[in-house]
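Participant: Build me a model from this:
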Amino acid sequence: MKYWLGLLLSLGVVWCMQQPVAAEGSLQVQPLQNEASLQKGERKKGFIDVTNPRPVDTKVKFSVAGFKQVDTAGNLSFYDSEQLRAGIVLDHEEYTIPANKTLRLFYIVDGTKLPTGDVFAAIFAQTINESTGSAASSVRIGSLLILTNETPGARQAEISEINAPWLQTGADINGKVTIKNTAPADSASGFFPDVTIGLWPFGQTTSIKGPLVFAGNSREAKFSIPSNQLGIYKLTASYGESKKIQWMLVITGVWRWVVLALVTILPATIFGVVYYLRHRRRIKKERRS
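Facilitator: Below you'll find the model as predicted:
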């Protein structure tokens, strides 16, 4: 889907979350996001592919860190965690990837060593300067791990706002909705809320997968609903018992062409009829005189 998390980090700050590469010639990582659920005491194996696009062999350092959202835009901050490092074990801490080759880096997620509930981690790859043996000056790039260990965290959310143009004239009804994770801000809760979008009357109801939203945070989710309607409609966005509505004028699908024809052809037709009738009356009047 559509919704997405690319990851680049320099000096502990996210530079871009939607680009798979940091710069020309940098390391590349796929996938950018992994999701998994673990039963009690379960261990799971996963992998990421790390590509060296450079024409020379490159030594790479791998590491594990935790992450959390820091704002409504979904930007992340990363932090060291011994518990996450113990619970997510990598095949390699360092590895020299040959020129233009890809390393499949395997990892083991051990649920017995991770906190229960929602767990958020990142696996980083970072080039090492061969002359200094340091990775401090290089850009870190990595993949996000979104894990549910045993019982998931709270799935509490509310719709804060629905925002769509009051006049919809395309082939779709477009807008965006803001959803807030209402779990306590310090709780380990983060999930992708399923938001229900409905159109009334004579409209369809659809569900969209919202972006990852942490406890206490709000995120925006865009939506687009195919539409072939004419009239005043009520747009509704809901999650559980939380709901927001907006009224709008809808002229979509084939109806936009019908309305266009009415507002162009009909006035021209009326003008033509009026002109014709006036012309006939003038001719009759001239004949009488």
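Participant: from here on, contacts and neighbour counts on C-alpha atoms
Facilitator: Will do.
Participant: what's the offset of stretch 264-272 from the middle of its chain?
Facilitator: Once both centres are worked out by Cα atoms, centre = their mean, to the nearest Å, stretch 264-272 turns out to sit 47 Å from its chain's centre.
Participant: Export it to CSV, keeping only CA atoms.
Facilitator: C-alpha atoms of stretch 264-272 as CSV (Å, rounded to 0.1, in the frame of the first residue of the first chain):
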residue,chain,number,x,y,z
THR,A,264,-23.8,25.2,-22.1
ILE,A,265,-26.4,23.7,-24.5
LEU,A,266,-29.5,24.7,-22.6
PRO,A,267,-28.8,28.5,-22.4
ALA,A,268,-27.8,28.4,-26.1
THR,A,269,-31.1,26.6,-27.0
ILE,A,270,-33.2,29.1,-25.0
PHE,A,271,-31.4,32.0,-26.6
GLY,A,272,-32.0,30.4,-30.0
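Participant: Now do the SS call for Phe106.
Facilitator: In three-state terms, and counting by DSSP: H, G, I helix; E, B strand; the rest coil, Phe106 is strand.
Participant: Figure out the helix or strand that the nearest residue to it once chain neighbours are set aside lives in.
Facilitator: Leaving aside its sequence neighbours, Phe106 sits nearest to Phe47 (Cα to Cα, 6 or more residues apart in numbering; 4.1 Å). For Phe47, the host element (DSSP states H and E) is strand 43-52.
Participant: orientation of the helix or strand following that strand relative to strand 43-52 in degrees?
Facilitator: Scanning forward in sequence from strand 43-52 by DSSP H and E, the next helix or strand is strand 58-69. Going by axes from the mean of the first three to the mean of the last three Cα atoms, to 10 degrees, strand 58-69 is angled at 120 degrees with respect to strand 43-52.
Participant: Note down every partner strand of strand 58-69 and its orientation.
Facilitator: Strand 58-69 has its sheet partners listed here by DSSP bridges as strand 76-79 (antiparallel), strand 94-97 (antiparallel), strand 117-127 (antiparallel).
Participant: hang on, the residue nearest to Phe106 packs against Leu103?
Facilitator: No. Under the criterion of Cα atoms under 8 Å, Phe47 makes no contact with Leu103, lying 9.8 Å away.
Participant: pLDDT below threshold where in the stretch 101-250 of the chain?
Facilitator: For the stretch 101-250 of the chain, the stretches with pLDDT under 70 are 131-138.
Participant: element containing the residue nearest to Glu35 when sequence neighbours are not counted, please.
Facilitator: Residue nearest to Glu35 in three dimensions, not counting chain neighbours: Ile146, with 4.8 Å by Cα to Cα, 6+ apart. Using DSSP H and E, Ile146 sits in strand 140-149.
Participant: who wins for proximity to Trp255 among the strands paired with strand 58-69?
Facilitator: strand 76-79 (44.1 Å; Cα to Cα).
Participant: Which strands and helices lie in contact with whichever helix or strand comes after that closest one?
Facilitator: Next along the chain after strand 76-79, taking DSSP H and E as the criterion, comes helix 82-87. Counting by 3 or more Cα pairs under 8 Å, 6 or more residues apart in numbering; DSSP states H and E, the packing neighbours recorded for helix 82-87 are strand 58-69, strand 101-110.
Participant: Give me the contacts around whichever helix or strand comes after helix 82-87.
Facilitator: Using DSSP H and E, the helix or strand that directly follows helix 82-87 along the chain is strand 88-90. With Cα atoms under 8 Å, 6 or more residues apart in numbering as the contact definition, strand 88-90 has outside contacts at 62, 64, 105-110.
Participant: okay if I get those as TSV plus neighbour count and distance to Pro165?
Facilitator: Shown next, in TSV, are the contacts of strand 88-90 (neighbours: other Cα atoms under 10 Å; distance: Cα to Cα, whole Å):
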residue	neighbour count	distance to Pro165
Phe62	19	46
Val64	26	43
Leu105	17	46
Phe106	14	47
Tyr107	18	46
Ile108	16	47
Val109	24	45
Asp110	20	48
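Participant: For Lys284, which residues are in contact?
Facilitator: By Cα under 8 Å, 6+ apart, the contact list for Lys284 is empty.
Participant: Am I right that it is in a helix?
Facilitator: Yes. With three-state DSSP as the criterion, Lys284 is part of a helix.
Participant: ok, now how distant is it from Gly272?
Facilitator: 18 Å (Cα to Cα, to the nearest Å).
Participant: likewise Asn34?
Facilitator: 66 Å.
Participant: pLDDT on the one helix or strand Val259 maps to, on average?
Facilitator: Under the criterion of DSSP H and E, Val259 resides in helix 254-288. The average pLDDT within helix 254-288 is 75.
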